[in-house]
Structure formats: C-alpha cells, structure tokens
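**Student:** Sequence and predicted structure, then a few things I'm wondering about:
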Amino acid sequence: TQLLEQSPQFLSIQEGENLTVYCNSSSVFSSLQWYRQEPGEGPVLLVTVVTGGEVKKLKRLTFQFGDARKDSSLHITAAQPGDTGLYLCAGAGGNNRLAFGKGNQVVVIP
Amino acid sequence: NAGVTQTPKFQVLKTGQSMTLQCAQDMNHNSMYWYRQDPGMGLRLIYYSASEGTTDKGEVPNGYNVSRLNKREFSLRLESAAPSQTSVYFCASTGTVLNQPQHFGDGTRLSIL
C-alpha cells in the first residue's frame, strides 16, 4: 500500500515556466520532507515542513504543508534546467522511519 | 566530509550467487536504513536499524539479511541472488532528534543475470 501519492508522475516544461507538483495521503504525518534526486546519486533533502499550513521558500521553490498535515505541494517559479530531477516526498510517522512517495520526475527543457 | 559511503558502486551477479553490500557513515548517527529503488516504485525500505545492536524488517525484507556491525556500519547481504533483486540499493542514516532528515549514499547498482 502506497501511503503517499505523488502527482503528476512525470512533467516536462519549458525553461521559465512555473510548475506545481503534489504529494497526497490519507494519513497524518508529524512532518513531511521533500528530497531531490539527480541521476546516479542519492536523494538530498530540500526542506522539512512540520506545522499544518506551513509555507517554506527556498529561492524559487515554495513548499506548502496542508492544514491537516496529510498533503503537501511544491511550486517552482521560472523553472531552470538545473531544476530537472526526481522530487520525492516522505512522511515521518514516528520511530524515525519515512514513507516515500514514488516521486515527481521533472524535466525542464532549455 | 564523506557522509554515507556505499561499496561497491556497481555489481553484476549470476543467479544464486551471494554478496554483501557495505555501508558506513561518519556522522555519529544512531539509525541506519537500507532501501531499494526500482523504476516506478519509489524507495522501499528493506531493513533498518534504530540503534547499534538492533535491526528490524521493513516493507520488503524477503531474500535479504542485515548486520549492524557497529555504530558506523550497516551491511546488507543477499544469500542467493535472484533476478527480481536487480535494483539500485541505497543506504541512509539519521540522528535521533524527531524530523531529522535522512542522509543517503550514492547507491549500489546491482544486476542479477
């Protein structure tokens, strides 16, 4: 059973466009973490959101945690080729285990 | 800073062969994890170790064994490799503070023929 559903699975956009990807669950998490993974490497943490309704910004990336702490979104403004990668969301439920979604594969075309 | 180091980076095995994947972290983390990543399946937890001396099954433990050799090292063993175990394997570690991120190695790409 996949606890976290990420959509869309694949997204291809032109450089300069905006995009939003989603991470949804029926479970409540103590926090949600977003990672980015590039080919041939392990995932690297981008941000952790903890409080329901929380919004965090990391340069052109905006992360939002839903009020009920079940879902999250990632918005990228004016996407650049360097934003290309697999974006993974992960829910923390306790005992330091994470439940990962299948990822949003983002391709930004120059 | 090395972080999490996995060896080997690539390996090809024949069905039935055995091998051990090595993982070491230098961040003094208590918890360590082994995941596999397959196309379209995301990261699935195989085994984890909450602290030195303890190990627990994750989502897909069948066909694997683990050893938490000491606080730094956590190894994953395939006793009799099967083609279904062809995958990319990632080791990760984290501290004990709630909501800390996991730090990942660069993976071991394993093909079983």
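**Tutor:** Yep, it's here.
**Student:** can you list the residues of chain A near chain B?
**Tutor:** In this structure, chain A approaches chain B at residues A:2, A:9, A:30-31, A:33, A:35, A:40-45, A:48, A:50, A:88, A:90, A:92, A:95-98, A:100-103, judged by C-beta under 8 Å from any C-beta of the partner chain. Every C-beta, even on glycine, is put in place using the N, C-alpha and C of the backbone.
**Student:** Taking chain A, what residue is nearest to chain B?
**Tutor:** A:Gly42 (3.0 Å; C-beta to the nearest C-beta).
**Student:** Give me the neighbour count for the residue lying closest to that residue once chain neighbours are set aside.
**Tutor:** In space, A:Gly42 comes closest to B:Phe104 once its chain neighbours are excluded; the distance is 3.0 Å by C-beta to C-beta, 6 or more residues apart in numbering or on different chains. Neighbourhood size, B:Phe104 [other C-beta atoms under 10 Å in any protein chain shown]: 23.
**Student:** How about A:Lys59?
**Tutor:** The number of residues packed near A:Lys59 is 7, by other C-beta under 10 Å.
**Student:** for it, phi and psi?
**Tutor:** With angles defined as degrees, to the nearest 10, A:Lys59 sits at phi 50, psi -110.
**Student:** Now do the contacts for the residue nearest to A:Gly42.
**Tutor:** Contacts for B:Phe104 (C-beta atoms under 8 Å, 6 or more residues apart in numbering or on different chains) come out as A:42-44, B:4, B:90-92.
**Student:** still on that earlier bit, now, of the residues of chain A next to chain B, which are buried?
**Tutor:** Among the residues of chain A next to chain B, the ones that count as buried by 16 or more other C-beta atoms under 10 Å in any protein chain shown are A:31, A:33, A:35, A:42-43, A:45, A:48, A:50, A:88, A:90, A:92, A:96-98, A:100-103.
**Student:** Now, these that are in helices?
**Tutor:** Per DSSP state H, helices hold no members of these.
**Student:** Show me the residues you listed that map onto strands.
**Tutor:** With strands taken from DSSP state E, the overlap with these comprises A:31, A:33, A:35, A:45, A:48, A:88, A:90, A:92, A:97-98, A:100.
**Student:** Quick check: beta-bridge partners of the residue nearest to A:Gly42?
**Tutor:** B:Ala92 (DSSP bridges).
**Student:** Check B:Gln22 too.
**Tutor:** Under the criterion used (DSSP bridges), B:Gln22 bridges to B:Thr7.
**Student:** that older thread, the residue of chain A closest to chain B contacts B:Ala92, doesn't it?
**Tutor:** Yes: between A:Gly42 and B:Ala92 a contact is recorded at 7.5 Å, counting by C-beta atoms under 8 Å.
**Student:** shared neighbours, the two?
**Tutor:** Both A:Gly42 and B:Ala92 are in contact with B:4, B:104-105, where contact means C-beta under 8 Å, 6+ apart.
**Student:** In contact with B:Gly3, which residues?
**Tutor:** B:Gly3 makes contact with B:25-27, B:103, B:105 under the criterion C-beta under 8 Å, 6+ apart.
**Student:** are any of those buried, and which?
**Tutor:** B:25, B:103, B:105.
**Student:** Please tell me how far the last one sits from B:Leu76.
**Tutor:** As judged by C-beta to C-beta, to the nearest Å, B:Gly105 and B:Leu76 stand 12 Å apart.
**Student:** ok, now the second one?
**Tutor:** Using C-beta to C-beta, one gets 17 Å for the distance from B:His103 to B:Leu76.
**Student:** circling back: quickly list what's touching both of B:Gly105 and B:Leu76.
**Tutor:** Counting by C-beta under 8 Å, 6+ apart, the shared contacts of B:Gly105 and B:Leu76 are B:23, B:91.
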